[in-house]
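Need a 3D model of the sequence below.
(2 chains)
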Amino acid sequence: MFLRMVKGALFRQKGKMLMIAFTIALGASLATAMLNVMLDVGDKVNQELKTYGANITVMPKGASLLDDLYGIEEGSGVSDQYLRESELGNIKTIFWAFNIVDFTPYLNTKARLNSRNDEVELVGTWFSHYLNLPTGESLNTGMINMKSWWDVSGEWLTDQDENFVMVGSLVAGRNNIQVGDSITIDIGGQTKELTVKGIFDAGGDEDEQIYAPLRVAQEFTARPGLISRIEVSALTTPDNELSRRAAQNIKSLSIKEYEIWYCTAYVSSICYQIEEAVTDSVAKAVRQVAESEGAILEKTQLLMLLITILSLVGSALGISNLVTASVMERSREIGLLKAIGAHDGAISGLVLVEILVTAVVGGISGYFAGLGFAQIIGRSVFGAVIDIKPMVIPIVAVLVSLVTLAGSVPSIRLLLKLRPAEVLHGR
Amino acid sequence: MDLLELRDISKFYGNVKALQNIDLTVKQGEWLAIMGPSGSGKTTMMNIIGCMDKPSNGSVVLEGTDISKENAKNLTNIRRDKIGLIFQQFHLITYLTALENVMAAQYYHSMPDEKEALEALERVGLRDRARHLPSQLSGGEQQRVCIARALINYPMLILADEPTGNLDEMNEGIVLDIFKQLHRDGSTIVVVTHDPEVAEGTQRTVVLEHGRISRITQNENK
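Numbers count the residues shown, from 1 in each chain, chains lettered A, B, ... in the order given. The predicted structure follows:
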């Protein structure tokens, strides 16, 4: 009989129940969309931010030490310290290999342009380098990925362009260099004529440099297999107190803290693991970039969380109003049930089951609608698909149940106060 | 044997004296009418007899037990087990069929039994309308469903509040015939009514005025 009553209430009062289900669906859809976006926004924002450059620099240990202690960025002991190109693949073998988005090596050397006295810096690097990893996998990485915001006139170099260079906009301006011009590079008396394939505007110190494929620079400087530094772009977790302590002094961590830190994608733990993978290297976070990324990420997630909470509160208020209105409308029916012998618990149970069944229907519809909303947000904001997180299902189920129950409390209280004599006879 | 005894009952709503010093006894198997103008206290009296309200003073003794001090839960149990309620407005659950409305009373009393509920509807001549919703029934038919619901748990007291108040002459006749049959079968019936024709059919008429019993008439033709 209980089920017949619930069925009767649900199917023969479709309008009211659909309105409640719609309100619940609205809350559930917002919660689903926001939670999915919130849980995925970290990766999306990180990827978005990674298009603006590297957040880790790897240098030879000696060069890093002089830079740290004396602020010496070039000269003996700095410029003559190198890392091995052959170890670059090791970066993709660390614990957080999947968080390493891109990396590219640099070999810097001083050169004279067109036999003039002013020196420029020639930088050898990878542009779009196909790399076979020690794990058997392969990777395509280099400047084109790492410096995607550079404004290039002409074309990007490829790693096979042995007779071409890209020239920074300031160097090109000073020397009236156009795309297609030939320039002469002189390094220690050895000269080479190269054609300008592209002129770039990076908006930084790079505009004073000339870029060539790494192999060209290595041959030119007679340093085969050597590189000066590596820039790494990695997806990282925002820093917290643990990561800051680790960055200051790793020995201050307990074994458990060390494990947590090592197994979390903090920029400091990724740096530590890179140092383990590349011989005699020091990896440093480009602190400003890392901190900005963390702050943007935290703020975005906080915003999403607030919107989720507000949407759920709004939904709870909506449900509360609708259920209370529904109970008010049914006050005679509820008074009658009390008159014929139903206790408060039985009536509350009946109303709650009706609402919970409605909540299940609304919640499921809302969940799927929310997945759609999440994709709309993902495409319009990030231009990417939002990954569906299975953990959102139990969270939304619990939230919908809590919101529905919380929204039903005022009506249940009202219902318990109803006296049959008052609603049936107006006394 | 006395089934119901009201001893010096008074009921106040703030300063309003709805009932004052009512003494009344209803015997088992008796058919009693309570009459009076609007505001005389008829409905208040029915609510107190029907365990839907408590007196401010005095005691209500049902089957030898004083129920005037019982809590709401016990009063619900007494209402469920011993009293059948019939309302002027019928008060059927709109989304349940006639049969389900009768079975709802069974459900809260003990166990729903569809066969027994159908028999109760047959007694009021509505077996063929059992699967209809209240909105598909006439006023007279709805009142008969209400009577079937009141009878389904074999109550010791049937309380009817203006049972013919919303009915046309033909349906009023049908409902009164059902009451007559119930009375012949030994049911105790208390009817609150404005209608002298309904009161004339009962054994005794209690007239209320300003919350007091102004007279009690024994209907001699019964």
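
which residues touch the residue of the stretch 251-400 of chain A found nearest chain B?
Nearest to chain B, among the residues of the stretch 251-400 of chain A, is residue A:341, at 2.5 Å (CB to the nearest CB). Where C-beta positions appear, they are placed from N, C-alpha and C, glycine not excepted. Taking CB atoms under 8 Å, 6 or more residues apart in numbering or on different chains, we find residue A:341 in contact with B:76, B:77, B:79, B:80, B:81, B:105, B:108, B:109.

Of the residues you listed - the most surrounded one?
Comparing those by number of neighbours (other CB atoms under 10 Å in any protein chain shown), residue B:105 comes first, having 28 neighbours.

Tell me the helices and strands packed up against the helix or strand of chain B with the lowest mean pLDDT.
When each helix and strand of chain B is scored by mean pLDDT, DSSP states H and E, helix B:169-184 comes last, with a mean of 82. Here helix B:169-184 touches helix B:139-151, strand B:188-192, helix B:196-200, going by 3 or more CB pairs under 8 Å, 6 or more residues apart in numbering or on different chains; DSSP states H and E.

Nearest to chain A among these would be which one?
Distance to chain A, taken as CB to the nearest CB, is lowest for helix B:139-151 among the helices and strands packed on helix B:169-184, at 7.1 Å.

Following the chain past that closest one, name the next helix or strand.
Next in sequence after helix B:139-151, counting helices and strands by DSSP states H and E, comes strand B:157-161.

and that following strand, which strands flank it?
Paired neighbours of strand B:157-161 in the sheet (DSSP bridges): strand B:83-86 (parallel), strand B:188-192 (parallel).

so can I have a markdown table of those strands showing distance to residue A:145, mean neighbour count and mean pLDDT?
Output for these, formatted as a markdown table (distance: least, CB to CB, whole Å; neighbours: other CB atoms under 10 Å in any protein chain shown; pLDDT from 0 to 100):
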| stretch | distance to residue A:145 | mean neighbour count | mean pLDDT |
| --- | --- | --- | --- |
| strand B:83-86 | 81 | 25 | 88 |
| strand B:188-192 | 89 | 24 | 91 |
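
Could you name the stretch from these that's closest to residue A:373?
strand B:83-86 (50.9 Å; CB to CB).

ok, residues contacting that closest one?
In contact with strand B:83-86 (CB under 8 Å, 6+ apart) are residues A:339-340, B:50-51, B:79, B:143, B:146-147, B:149-151, B:153, B:155-161, B:163.

For residue A:314, which non-adjacent residue is spatially closest?
What sits nearest to residue A:314 in space, not counting adjacent residues and going by CB to CB, 6 or more residues apart in numbering or on different chains, is residue A:27, at 7.1 Å.

again with residue A:170
In this structure, residue A:170 finds its nearest non-sequential neighbour in residue A:207, 4.2 Å apart by CB to CB, 6+ apart.

Who are the contact partners of that neighbour?
Applying CB under 8 Å, 6+ apart, the residues near residue A:207 are A:168, A:169, A:170, A:171, A:200, A:201.

Strands of the stretch 1-150 of chain A, residue ranges please.
A:56-60, A:83-84, A:100-113, A:119-125, A:129-132, A:138-141 (DSSP state E, counting those that start in this stretch).

Reformat those as TSV; add distance to residue B:187 and mean neighbour count.
As requested, the strands of the stretch 1-150 of chain A are arranged in TSV below (distance: least, CB to CB, whole Å; neighbours: other CB atoms under 10 Å in any protein chain shown):
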stretch	distance to residue B:187	mean neighbour count
strand A:56-60	92	22
strand A:83-84	104	20
strand A:100-113	86	21
strand A:119-125	103	21
strand A:129-132	97	14
strand A:138-141	92	16
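
Tell me which of those lies nearest to chain B.
Judging the strands of the stretch 1-150 of chain A by CB to the nearest CB, what sits closest to chain B is strand A:100-113, at 59.7 Å.

hmm, back to that, can you tell me the SS state at the residue nearest to residue A:170?
When classified by DSSP: H, G, I helix; E, B strand; the rest coil, residue A:207 comes out as helix.

now swap in the one 5 residues further on and tell me
Under three-state DSSP, the three-state class of residue A:212 is strand.

Quick one: neighbours of the closest residue to it other than its chain neighbours, just the number.
The shortest distance from residue A:212 to any non-neighbouring residue, by CB to CB, 6+ apart, is to residue A:165 (4.8 Å). For residue A:165, the count of nearby residues is 24 (other CB under 10 Å).

Which helix or strand contains residue A:165?
Here residue A:165, judged by DSSP H and E, is contained in strand A:164-168.

Output the contacting helices and strands for the following helix or strand past that strand.
Following strand A:164-168 in sequence order, the next helix or strand is helix A:169-174 (DSSP H and E). Helices and strands touching helix A:169-174, as assessed by 3+ CB pairs under 8 Å, 6+ apart, comprise strand A:190-201.

Ramachandran angles for the closest residue to the residue of the stretch 251-400 of chain A closest to chain B other than its chain neighbours?
The spatial neighbour of residue A:341 that comes closest, neighbours along the chain excluded (CB to CB, 6+ apart), is residue B:80 at 2.5 Å. Here is the backbone geometry of residue B:80 (degrees, to the nearest 10): phi -60, psi -40.

repeat for residue A:387
In terms of degrees, to the nearest 10, the main-chain angles of residue A:387 are phi -70, psi 140.

now the strands paired with strand B:157-161 as a markdown table including distance to residue B:41?
Listed next are those as a markdown table, based on distance: least, CB to CB, whole Å:
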| stretch | distance to residue B:41 |
| --- | --- |
| strand B:83-86 | 18 |
| strand B:188-192 | 10 |
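
nearest to residue A:108, of these?
strand B:83-86 (96.9 Å).

which secondary structure elements does the next helix-or-strand element following that closest one contact?
Tracing the chain past strand B:83-86, the next element assigned as helix or strand by DSSP H and E is helix B:98-109. Applying 3+ CB pairs under 8 Å, 6+ apart, one finds that helix B:98-109 contacts helix A:2-11, helix B:72-82, helix B:114-123, helix B:139-151.

contact partners of helix B:98-109?
When contacts are defined by CB under 8 Å, 6+ apart, helix B:98-109 is touched by residues A:1-2, A:4-5, A:8, A:337, A:340-342, A:346, B:80-81, B:92-93, B:96, B:112-114, B:116-118, B:120-121, B:126, B:129-134, B:137, B:141, B:145, B:148-150, B:152-153.

Can you give the distance from stretch A:226-245 to the centre of its chain?
How far stretch A:226-245 lies from its chain's middle: 15 Å, per CA atoms, centre = their mean, to the nearest Å.

would you put the C-alpha positions of it in PDB?
Presented in PDB, the C-alpha positions along stretch A:226-245 are these (Å, rounded to 0.1, in the frame of the first residue of the first chain):
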ATOM      1  CA  LEU A 226      77.100  19.300 -24.900                       C
ATOM      2  CA  ILE A 227      74.500  21.800 -23.800                       C
ATOM      3  CA  SER A 228      74.600  24.900 -21.500                       C
ATOM      4  CA  ARG A 229      71.100  24.600 -19.900                       C
ATOM      5  CA  ILE A 230      67.700  23.100 -20.300                       C
ATOM      6  CA  GLU A 231      64.300  24.700 -20.000                       C
ATOM      7  CA  VAL A 232      61.500  22.400 -18.800                       C
ATOM      8  CA  SER A 233      57.800  23.000 -18.900                       C
ATOM      9  CA  ALA A 234      56.000  20.900 -16.200                       C
ATOM     10  CA  LEU A 235      52.500  20.600 -14.800                       C
ATOM     11  CA  THR A 236      52.900  21.300 -11.200                       C
ATOM     12  CA  THR A 237      50.800  21.400  -8.000                       C
ATOM     13  CA  PRO A 238      50.600  24.700  -6.200                       C
ATOM     14  CA  ASP A 239      53.200  25.100  -3.500                       C
ATOM     15  CA  ASN A 240      52.300  24.700   0.200                       C
ATOM     16  CA  GLU A 241      54.000  24.700   3.500                       C
ATOM     17  CA  LEU A 242      55.500  21.200   2.900                       C
ATOM     18  CA  SER A 243      56.900  22.100  -0.500                       C
ATOM     19  CA  ARG A 244      58.400  25.300   0.800                       C
ATOM     20  CA  ARG A 245      60.100  23.500   3.600                       C
END
